[in-house]
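S.K.: Please work out how this folds:
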Amino acid sequence: MSAQDLDLTLLEPWLREQIPSLEGTLSAEKFAGGQSNPTFKLSAGEANYVLRRKPPGELLASAHAVDREFRVLDALRETPVPVPNAVALCTDDSVIGSMFYVMEHLEGRIFWDPAVPEVNNDERTAIYDEMNRVLAELHCVDVSAVGLSDYGKPGNYYARQIGRWTKQYRASETEVVPDMEALIDWLPNHIPEGDETVALVHGDYRLDNMIFHPTEPRIIGILDWELSTLGDPLADLAYQLMAWRFPREGGIAGLEGLDRSSLGLPSDEEYIAAYCRRTGRDGINNWSFYMAFCFFRIAAILQGIKKRAQIGTASSAEADSRAIMVGPLAALGAACIP
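M.R.: Prediction:
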């Protein structure tokens, strides 16, 4: 079975056992987009849910950890961080062919373009401020209180991340990319002192992984927690700002070349200052390292998509367009090296 299919024959009785109140005929529709874990909308009667599954087929080690996604959603249920309610996890591959979980379906808005052309300047400003506020809330979660103190290894966050993504990149490498080689060489030797592993980090914190209220500039759900772990919160902050440097055209739209102030969007400096104010920081040193690290990591992730597209397990028709961004993003990362 391909990543695009979902066999309801065994899923339906499993789902009705988990949700006894479910009524009506079950149907499933795959969401467009999403590169890693195929995601489906489940409908039965008046009820709607979302199913996230591990792709079938041969996968890179430690990738597509939907059980970790489920765990963090469940842990954050009672915190100020807005997430969909986690409903049930299935680790039995015989049900649909791979591990999956079911969560609440939220009705709201997803903005795919970081320039947010659907709204006016005032709402754009409010949307970006809300992203900043929720990011700070996430990084202030007491991981011990919510049962996530063992969600990541203590210490050496960047050393472990660089090692992990170098290994993943090598496992899916299809050609030599000189800028990636430069990053792989430079990053391990320039990790800032005081490497923090003190916060829950999302790992893919960007606008299109958020559901906003249907009419208000308010986040009602943060999605796609596959890359979440315990780590340095500055990695999340840098990742978001890194994405704004992407070109307008290509597999992943950014804000490059736009006059942000005329659109009501914050500058990098304004966004960082707001985050520091909310989290009690005086400022951030070694910013070039954090940006270089984030470009390196996203390039490694996209290389994995490129490899999966070649062997036919990529979960989206957009995989090829994302894959061609590996070189350009590695170049942006290498340009951050002082």
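
S.K.: What about the closest residue to residue 334 other than its chain neighbours, how many residues nearby?
M.R.: What sits nearest to residue 334 in space, not counting adjacent residues and going by Cβ to Cβ, 6 or more residues apart in numbering, is residue 179, at 4.0 Å. All C-beta atoms are positioned from the backbone trio N, CA, C, and that covers glycine. Residue 179: 21 surrounding residues under other Cβ atoms under 10 Å.

S.K.: go on, the one 5 residues further on?
M.R.: Other residues lying near residue 184 total 18 when counted by other Cβ under 10 Å.

S.K.: pLDDT value on it, please?
M.R.: In this prediction, residue 184 carries a pLDDT score of 98.

S.K.: repeat for residue 292
M.R.: 98.

S.K.: For it, which non-adjacent residue is closest in space?
M.R.: Closest residue in space to residue 292, ignoring its immediate chain neighbours: residue 336 at 3.9 Å, by Cβ to Cβ, 6+ apart.

S.K.: The one you found touches residue 329, doesn't it?
M.R.: No. Counting by Cβ atoms under 8 Å, residue 336 sits too far from residue 329 to count as a contact (11.2 Å).

S.K.: And the two? Which one has more around it.
M.R.: Neighbour totals were compared for residue 336 and residue 329, and residue 329 leads with 28 against 21 (other Cβ under 10 Å).

S.K.: correct me, but the more buried one touches residue 303?
M.R.: No. Counting by Cβ under 8 Å, residue 329 does not reach residue 303; the two are 9.8 Å apart.

S.K.: do you know how far residue 284 is from residue 146?
M.R.: 26 Å (Cβ to Cβ, to the nearest Å).

S.K.: More neighbours: those two, which one.
M.R.: Between residue 284 and residue 146, residue 146 has the larger neighbour count (other Cβ under 10 Å), namely 18 against 15.

S.K.: OK, contacts around the more buried one?
M.R.: By Cβ atoms under 8 Å, 6 or more residues apart in numbering, the contact list for residue 146 reads 75, 76, 78, 79.

S.K.: where's it, which helix or strand?
M.R.: Using DSSP states H and E, residue 146 sits within no helix or strand.

S.K.: separation between it and residue 39?
M.R.: 24 Å.

S.K.: Mind jotting down where the strands sit in this structure?
M.R.: Here the chain has its strands, by DSSP state E, at 26-30, 39-44, 47-53, 86-90, 100-104, 199-201, 210-212, 219-222, 229-231.

S.K.: Partner strands of the fourth one and their direction?
M.R.: According to DSSP bridges, the neighbouring strands of strand 86-90, each with its direction, are strand 100-104 (antiparallel).

S.K.: What lies in contact with stretch 36-47?
M.R.: Counting by Cβ under 8 Å, 6+ apart, 3-4, 6, 15, 19, 21-31, 48-55, 63-64, 66, 69, 102, 105, 224, 226, 305, 315 sit against stretch 36-47.

S.K.: make it 7 Å
M.R.: Contacts with stretch 36-47, where a contact means Cβ atoms under 7 Å, 6 or more residues apart in numbering, come from 3, 6, 22-31, 48-55, 64, 66, 105, 226, 315.

S.K.: List only buried entries from the residues you listed.
M.R.: 3, 6, 22, 26, 28, 30, 49-55, 64, 66, 105, 226, 315 (16 or more other Cβ atoms under 10 Å).

S.K.: re earlier: wait, the residue nearest to residue 292 touches residue 294, no?
M.R.: No. Counting by Cβ atoms under 7 Å, residue 336 does not reach residue 294; the two are 9.0 Å apart.

S.K.: What residues does residue 96 make contact with?
M.R.: 6, 7, 10, 11, 53.

S.K.: picking up where we left off before, neighbour-wise, which of the contacts of residue 146 leads?
M.R.: Within those, most neighbours by other Cβ under 10 Å means residue 76, with 22 neighbours.

S.K.: Pretty sure that one sits against residue 83.
M.R.: Yes. If you go by Cβ under 7 Å, residue 76 and residue 83 touch, sitting 4.8 Å apart.

S.K.: how near is residue 14 to residue 178?
M.R.: 49 Å.

S.K.: Pick out whichever of those two has more residues nearby.
M.R.: Applying other Cβ under 10 Å to residue 14 and residue 178 shows that residue 14 carries more neighbours, namely 17 against 11.

S.K.: what pLDDT does the more buried one get?
M.R.: Residue 14 is given a pLDDT of 96.

S.K.: ok, and the closest non-adjacent residue to it?
M.R.: With Cβ to Cβ, 6+ apart as the criterion, residue 14 has its nearest non-adjacent residue at 5.2 Å, and that residue is residue 95.

S.K.: Could you list the low-confidence segments of the stretch 101-250 of the chain?
M.R.: Low-confidence regions of the stretch 101-250 of the chain, defined by pLDDT under 70, span residues 195-197, 250.
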